[in-house]
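Q: Provided below for reference: sequence and predicted model.
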Amino acid sequence: MTEGMPQKSSDALGAALLLAPALLVIAIAFLAPLARLAALSFSSPQGVLAAYRELLGDEVFWIVLRNTIGLAAIVTIITLTGGFALALALTRLGGGWRLALFAAVVLPLWVSVLVRTFSWMLLLERNGPINEAMVATGVIGQPVQLLFNFTGVTIAMVHVLLPYAVLPIYAALVKIDPALLKASEGLGASFATTFQRVLLPLSARGVATAAAFVFLLSLSFFVTPALLGGANNMTIPMLIDTFVNERLAWPLAGAASMLLLGLVLGCIAVIGRFVPLGGLAEAR
Amino acid sequence: MLDRRHLMAGGAALAFAGALRPAFAQGGKLTFCSWGGALSDLEKAALLDPFAKTKGIEIVAASPTNYAKLKAMVEAGQPEWDLVDVGGRFIWQGADLLEPLDMSLIPNAKALDKSWVASKGIFTSTGATVIAWNTKAFPEGKGPKSWKDFWNVKDFPGPRGLYKPFYYNYEAALLAAGTPRDQVFPVTDEKAKLAIEKIRELKPSIKVWWTAGAQPPQLLTSGELAMSSAWSGRVLAVKKENAPVDMTYDDGIAWGNAWVVPKGTPNAKLAMEAINYAIGLDAQLRLNSFGTYGPVLVEAAAKGTPEERKTMVTAPENIKNMLILNEEQAAIYSAKYEDDWNKMQLG
């Protein structure tokens, strides 16, 4: 198959024409509102950059930013660990079991995040099933608080994001020739060595893709931290919400949105150095 | 399957409906937006539906109130809402977005206590931010009676809930700190600081900062919280359904549900007439029997049965133990100390 640049300029024109409708939709649906949002962020009555100056000079913004990145990082680590184990199990299981596990991983994607968050609210309540089960089995003496704090947010976010980790890692793991693992074992390597020197390097791209997905999605999570978190778990999207709905300070909301967008684009640029960006599209 | 005959029948029905509509909408329609729940039910049944009947108009109900939406509508020049129930402080916070009230259309306002009437909004029913608790945590007669008790985690142990913004918490904290009711306002830097420090003191016990009125009754019922600040009408509504929740008006923070008219609505005149109707004696008397949010008109409150008066903020025996929220001052402290408040919550 030949790939590469189109040979003739008429080919390029044809390609441009064929792409035009899609580009137009993207421009109207995504770029135009984004441009308006950017314009809004510069529209503060106190001056063009006033909203950015106020935000960057505000201690609250920096605490919230730290919260957002910290939460995203921890959720990413837990999700990747769990996701890798699940993906590995998927490659090892036979027919029926694999199908069932796949369904368990993928089906929640069809349920709204809001519904899943509310379900966690019921499960994590002080008198909810999880606390009751832990008390009944003697794991804890009396119910612990799992809601409206970091624990609750983390549990629910990991659950929501798990499929985004499992799928790219699974895609990488199935490509590994089982003979390599057998060879490693045959040469006397322990499971830990095999994992470290064979499994992980060969699936690194899948893991990096999963990490990028989960981390970037975590940065912009709103519903789950807003409903399950406490006041000290405020994230940037929640801060933007209070600017929009409570303070009616829309230039500030615009500026915070632009900074979050900048952060996400920055992350993509950094990740792009390690994983070819096409890898993001490759993971299905 | 859609065949020609069905299509024609459908067309005829549509034409018929079209012919009916102008007759029905003769007096126009009024879109009213409020917060939902017990409050919206009450406002529709007691205040607006009877008004619509006398005027031959249609009331379109919307919910919940959202200030950002209101701002966007007004700035776009086409407010979809004609009449909106807002938190009282929004009369001042959102002054630029509101139509000044034409008092010649609202003669009934003269009978109201001055504190319920402002140039851009009028309070049509009353409620309060009260102390509510789970009755399994604190049985009959053992419940808290003041914000001092609310802060007393030794004698009244258990997780607490408070409203997320500084609103209501400024007043509650100062009352807990021993500030006399008549000295809570006006706001000063010292009082705001004292209030925030007082909340910081209770912070380890505050497990939920609630944002929606439905949360406190639900969290108290499930036992997630032992005690919480709450909106009286929401608590009274779940009490009627025998939820294990109780409340006291003692030390409560009394406020009203304010009605405002968004700037630029074509139905401003009709909306103001609706306000006038809502604060009239007939409409206000209807609030008595609902037992959630009470009348603003003292004359109506005075006619309540002893049982009804128990649930009424404006009954003299209740209001004498309460602080009346100064919404104009609330608008000031909400904006001025927002950053300090956020820092306290995050830290």
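A: Done, it's in.

Q: use CA for all of it now, contacts and neighbours both
A: Noted.

Q: Now do the residue of the stretch 101-250 of chain B found nearest chain A against residue B:209, distance only.
A: In the stretch 101-250 of chain B, the residue that lies nearest chain A is residue B:224 (5.4 Å; CA to the nearest CA). Separation of residue B:224 from residue B:209 (CA to CA, to the nearest Å): 12 Å.

Q: thinking again about what came up before, I'd like the distance between the residue of the stretch 101-250 of chain B closest to chain A and residue A:122.
A: 11 Å.

Q: And for residue B:290?
A: 31 Å.

Q: cool, and residue A:261?
A: Distance from residue A:261 to residue A:122, by CA to CA: 33 Å.

Q: sorry, back to before: so residue B:224 and residue A:122 - more neighbours on which side?
A: Taking other CA atoms under 10 Å in any protein chain shown, residue B:224 and residue A:122 do not tie; residue B:224 has more neighbours (23 against 15).

Q: Tell me the secondary structure of that one, please.
A: The three-state label given to residue B:224 by DSSP: H, G, I helix; E, B strand; the rest coil is coil.

Q: Find the nearest non-adjacent residue to it, please.
A: residue A:126 (5.4 Å; CA to CA, 6 or more residues apart in numbering or on different chains).

Q: my read: the one you found touches residue A:148, true?
A: No: counting by CA atoms under 8 Å, residue A:126 does not reach residue A:148; the two are 10.8 Å apart.

Q: so what's residue 114 scoring on pLDDT?
A: Answering for chain A, as no chain was given. On pLDDT, residue A:114 comes in at 92.

Q: wrong one, chain B
A: 89.

Q: For burial, what's the neighbour tally of it?
A: Residue B:114 has 9 nearby residues by other CA under 10 Å.

Q: Does residue B:249 lie in a helix or a strand, and which?
A: strand B:245-260 (DSSP states H and E).

Q: So which bits of the next helix or strand after that strand are buried?
A: Later in the chain than strand B:245-260, the nearest helix or strand by DSSP H and E is helix B:268-278. By 16 or more other CA atoms under 10 Å in any protein chain shown, the buried positions in helix B:268-278 come out as B:268, B:270-278.

Q: now do stretch A:124-135
A: A:124-128, A:130-132.

Q: what do you get for stretch A:267-275?
A: Buried, per 16+ other CA under 10 Å, within stretch A:267-275: A:268, A:271-272, A:275.

Q: With stretch A:108-119 instead?
A: Applying 16+ other CA under 10 Å to stretch A:108-119 flags A:108, A:113, A:116-118 as buried.

Q: before we move on, the earlier item: now, which of the buried residues of helix B:268-278 sits nearest chain A?
A: Nearest to chain A among these, with distances taken as CA to the nearest CA, is residue B:268, at 23.4 Å.

Q: and the residue of chain B found nearest chain A, how many neighbours?
A: Going by CA to the nearest CA, chain A is nearest to residue B:346 of chain B, at 4.1 Å. Using other CA under 10 Å, the number of residues around residue B:346 comes to 16.

Q: Name the nearest residue to it, sequence neighbours excluded.
A: residue A:232 is the one closest to residue B:346 (CA to CA, 6+ apart), at 4.1 Å.

Q: And the pLDDT at that neighbour?
A: Residue-level pLDDT assigned to residue A:232 equals 85.

Q: Surely it is in contact with residue B:341?
A: No: contact criterion CA under 8 Å: residue A:232 and residue B:341 do not qualify, at 11.7 Å.

Q: quick one, which of these two is more surrounded?
A: Neighbour count, other CA under 10 Å: between residue A:232 and residue B:341, residue B:341 has more, with 23 against 18.

Q: which of the residues in the host helix or strand of the more buried one are buried?
A: In the assignment (DSSP H and E), residue B:341 maps to helix B:338-346. Applying a neighbour-count criterion of 16+ other CA under 10 Å, one finds B:338, B:340-346 buried in helix B:338-346.

Q: Please apply the same query to stretch B:53-66.
A: Residues of stretch B:53-66 classed as buried by neighbour count (16+ other CA under 10 Å): B:55, B:57-59, B:61-62, B:65-66.

Q: How about residue 194, nearest residue that isn't a chain neighbour?
A: Answering for chain A, as no chain was given. Closest to residue A:194 by CA to CA, 6+ apart is residue A:184, at 6.2 Å.

Q: not quite, I wanted chain B
A: Leaving aside its chain neighbours, residue B:194 sits nearest to residue B:174 (7.2 Å; criterion: CA to CA, 6+ apart).

Q: same check, this time on residue B:206
A: residue B:160 (4.5 Å).

Q: Mind checking which of the buried residues of stretch B:53-66 land in strands?
A: B:58-59, B:61-62 (DSSP state E).

Q: Reformat those residues as a markdown table; add distance to chain A and pLDDT.
A: What follows is these, written out as a markdown table (distance: CA to the nearest CA, whole Å; pLDDT from 0 to 100):
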| residue | distance to chain A | pLDDT |
| --- | --- | --- |
| B:58 | 29 | 95 |
| B:59 | 26 | 95 |
| B:61 | 21 | 95 |
| B:62 | 17 | 95 |
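
Q: can I get these in CSV with distance to residue B:317?
A: Listed next are those as CSV, based on distance: CA to CA, whole Å:
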residue, distance to residue B:317
B:58, 38
B:59, 36
B:61, 34
B:62, 35
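
Q: Show me what the longest helix belonging to chain A is packed against.
A: Assignment by DSSP state H gives helix A:59-92 as the longest helix of chain A. Applying 3 or more CA pairs under 8 Å, 6 or more residues apart in numbering or on different chains; DSSP states H and E, we find helix A:59-92 packed against helix A:95-106, helix A:150-174, helix A:200-219, helix A:236-245, helix B:338-346.

Q: Format these as a markdown table; extra columns: distance to residue B:33 and mean pLDDT.
A: Converted to a markdown table, the helices and strands packed on helix A:59-92 look like this (distance: least, CA to CA, whole Å; pLDDT from 0 to 100):
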| stretch | distance to residue B:33 | mean pLDDT |
| --- | --- | --- |
| helix A:95-106 | 40 | 92 |
| helix A:150-174 | 32 | 95 |
| helix A:200-219 | 34 | 92 |
| helix A:236-245 | 16 | 93 |
| helix B:338-346 | 27 | 92 |
